[in-house]
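sequence plus predicted model, see below.
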Amino acid sequence: MLKIFNTMTQKKEEFKPMYENRVKLFVCGPTVYDNSHVGHARTYISFDVIARYLKYNGFSVFYLQNITDIDDKIIKRALELNVEPIKLARKFEKKYMEDMKLLGVESVNLYARAIEHLPEIIKQIKTLIDNGFAYVTESGVYFDISKFPDFGKLSRRNIEDLTVHRISPDSNKRNPGDFALWKIKNDEPLWNSPWGVGRPGWHIEDTAITEEYLGYKYDIHGGGLDLIFPHHEAEVAQMESASGEKPMVRYWMHTGFLNVSGEKMSKSLGNFITIREILRDYDPEVFRFFVLSTHYRSPIDFSESALQQSENSLHRIYKLIETIDELLRSNISESNENDIKNTNLLLNAKHDFLNNMDNDFNTPNALSVIFNLIRDVNRGIDNKNISKNSLIYVKNLLIEFGEILGFEFSIKPSVDDKTNDLIKVMVEVREKLRERKDWELSDLIRSRLGEIDIILEDK
């Protein structure tokens with residue numbers, strides 16, 4: 001029985017989709033104004049595993065993620081760089097997709113851009129006005145939180161105390177906590193609306209997109225812990241006010257914060273780490289293992305030592321697979337008297353692994369099961385009391401676990417020293433070309449390296 005911790009109720013609940021075995025999953029995507037950081041990676045790796053495990057259990061999963069490509073952060077950054085906001089957004093959207101591919105995040109069925117859903121956004125705002133939950137001012141359209149008594153139920157905040165909001169105070173607002181649905185502006189980018197030229201607010205983008213693809217009500221909404229208020233709180237108010245139906249989401253899931261050496265990651269502290277920076281020094285599977293070594297709801301502390309430990313742990317798994325492959329090529333016996341004992345060992349390991357995954361996707365405990373299995377199998381190999389049939393079963397079971405967690409345990413992802421040396425030579429040659437201002441050839445080298453998933457950035 002799969003149980004999920006629901007942020008709304010603050011307890012683990014048995015997972016029951018709204019429609020038989022069909023699961024509708026939405027996770028808040030990135031605001032594409034900069035390179036994605038390791039905090040983003042932590043969330044998206046976690047939900048990739050969640051989607052994988054749901055599919056493993058026979059559920060038909062439709063996983064939707066939005067791309068926030070209309071936002072003040074994008075506009076501000078575009079002005080700083082003197083580029084068009086949409087070009088900036090497309091550039092970093094492309095980089096985000098490349099990062100996700102490298103990290104093995106492949107469960108998302110649809111990425112929906114906000115800019116391509118303006119008709120849906122305007123339609124939902126009209127509905128909220130017609131239903132009496134939103135009002136028009138000279139500066140735009142706002143959601144009236146006083147008309148939604150449940151406002152604050154997800155974040156457990158009292159409506160009287162809600163004076164913190166994403167945009168600066170506006171004298172046109174009825175309540176300090178009212179948030180923008182449509183902002184009337186005179187700076188680009190701009191779109192026409194019934195209330196004036198401008199652009200949508202942040203929160204309305206997500207609910208308009210989810211209404212379009214998932215309907216008013218769906219199974220799981222995910223995101224980082226920092227999005228609970230005001231973003232997810234605003235989403236609940238918008239969707240339930242527009243539809244008149246509750247609950248908007250059956251299970252709310254949130255990933256914990258990622259800290260760097262004990263401190264919250266931020267650019268101001270100088271500990272901001274992008275996915276690309278990490279993948280220069282570590283294999284993507286190492287970072288994925290690091291993420292899954294901590295429960296998705298718990299805070300995770302990023303450090304070099306933790307990554308090295310993850311690298312060593314992964315090596316243990318691949319070392320056993322390599323040993324098994326060598327033994328399978330040898331003249332080891334097909335079966336022996338220990339087969340029943342070993343079969344029971346493997347069945348118990350699978351049972352324990354799945355039990356931990358059923359317990360709110362407890363990946364660190366599931367990984368512990370794998371390493372207990374490795375210890376026992378290595379002991380059997382050393383004592384020469386494990387057969388070829390048992391080894392095949394072990395390897396297949398590790399591959400099965402890997403598919404759930406997003407590791408290709410059937411393939412040893414090693415890059416030999418000669419290949420590493422060749423890459424270093426190519427980078428050195430490219431630096432010489434750049435010194436000679438041979439930009440065309442240096443760009444070609446970088447492009448060709450990118451085609452084999454080697455990302456090279458100039459600073």
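Arrived safely.

ok, Leu405 - contacts?
Leu405 makes contact with Val49, Arg52, Arg288, Leu292, Thr363, Ala366, Leu367 under the criterion Cβ atoms under 8 Å, 6 or more residues apart in numbering. In this view, the C-beta of every residue, glycine as well, is placed from N, C-alpha and C.

closest to Ile70 among those residues?
Each of those was scored against Ile70 by Cβ to Cβ, and Val49 proved nearest at 29.9 Å.

count of neighbours near that closest one?
A count of neighbours around Val49, defined by other Cβ atoms under 10 Å, yields 24.

on the pLDDT front, check Tyr296 for me.
In this prediction, Tyr296 carries a pLDDT score of 98.

not counting sequence-adjacent ones, nearest residue to it?
Counting by Cβ to Cβ, 6 or more residues apart in numbering, Tyr296 lies nearest to Ser46, which is 4.0 Å off, once chain neighbours are set aside.

state the phi and psi torsions of Glu188.
Backbone geometry at Glu188, expressed as degrees, to the nearest 10, gives phi -70, psi 150.

tell me the first helix or strand C-terminal of the helix or strand where Lys424 lies.
Assignment of secondary structure by DSSP states H and E places Lys424 within helix 417-435. Following helix 417-435 in sequence order, the next helix or strand is helix 439-451 (DSSP H and E).

show me what that next one is packed up against.
Counting contacts by 3 or more Cβ pairs under 8 Å, 6 or more residues apart in numbering; DSSP states H and E, helix 439-451 packs against helix 417-435.

which other helices and strands does the helix it packs on contact?
Counting contacts by 3+ Cβ pairs under 8 Å, 6+ apart, helix 417-435 is packed against helix 439-451.

can you list the buried residues in the longest helix anywhere in the chain?
With residue count as the measure and DSSP state H as the assignment, the chain has helix 304-328 as its longest helix. When neighbours are counted by 16 or more other Cβ atoms under 10 Å, the buried residues of helix 304-328 are found to be Leu307, Ser310, Glu311, Ser313, Leu314, Ile317, Tyr318, Leu320, Ile321, Ile324.

likewise for stretch 279-298?
With the criterion 16+ other Cβ under 10 Å, stretch 279-298 contains buried residues 279, 282-297.

can you check stretch 179-189 too?
Buried residues in stretch 179-189, counting neighbours by 16+ other Cβ under 10 Å, are found at Phe179, Ala180, Leu181, Trp182, Lys183, Ile184, Lys185, Pro189.

next, the first one: phi, psi?
Read it as Phe179. Backbone phi and psi, for Phe179 under degrees, to the nearest 10, turn out to be phi -120, psi 160.

before we move on, what about the fourth one?
Here is the backbone geometry of Trp182 (degrees, to the nearest 10): phi -140, psi 130.

skip the chain neighbours and tell me the closest residue to it.
Excluding the flanking residues, the one nearest Trp182 by Cβ to Cβ, 6+ apart is Val141, at 4.1 Å.

mind splitting this structure into its structural domains?
Following automatic domain parsing, the chain resolves into domains at 3-255, 275-405, 417-451.

save those domains as CSV, and put in distance to Met265 too.
Written out in CSV, the entries for these read as follows (distance: least, Cβ to Cβ, whole Å):
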stretch, distance to Met265
domain 3-255, 6
domain 275-405, 7
domain 417-451, 26
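
among those, show me which one is buried the most.
Per-residue neighbour counts averaged over each of the domains of the chain give the maximum for domain 3-255, namely a mean of 19 (mean count of other Cβ atoms under 10 Å).

all strands of the chain, in order?
With DSSP state E as the definition, the chain shows strands at residue ranges 3-6, 11-14, 22-27, 60-67, 110-113, 134-136, 140-143, 179-184, 198-200, 218-224, 249-255, 258-260, 263-264, 300-302.

residues in contact with Glu334?
Applying Cβ under 8 Å, 6+ apart, we find Glu334 in contact with Ser387, Lys388, Asn389.

among these, which are located in helices?
Under the assignment DSSP H, these contribute Lys388, Asn389 to helices.

wait, which of the contacts of Glu334 is closest to Ile129?
When these are ranked by distance to Ile129 (Cβ to Cβ), Asn389 comes first, at 68.4 Å.

nearest residue to that closest one other than its sequence neighbours?
Nearest non-adjacent residue to Asn389, counting by Cβ to Cβ, 6+ apart: Ser335, 5.2 Å away.

would a markdown table of the strands of the chain with mean pLDDT be doable?
What follows is those, written out as a markdown table (pLDDT from 0 to 100):
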| stretch | mean pLDDT |
| --- | --- |
| strand 3-6 | 98 |
| strand 11-14 | 98 |
| strand 22-27 | 98 |
| strand 60-67 | 98 |
| strand 110-113 | 98 |
| strand 134-136 | 98 |
| strand 140-143 | 97 |
| strand 179-184 | 96 |
| strand 198-200 | 97 |
| strand 218-224 | 98 |
| strand 249-255 | 98 |
| strand 258-260 | 90 |
| strand 263-264 | 78 |
| strand 300-302 | 93 |
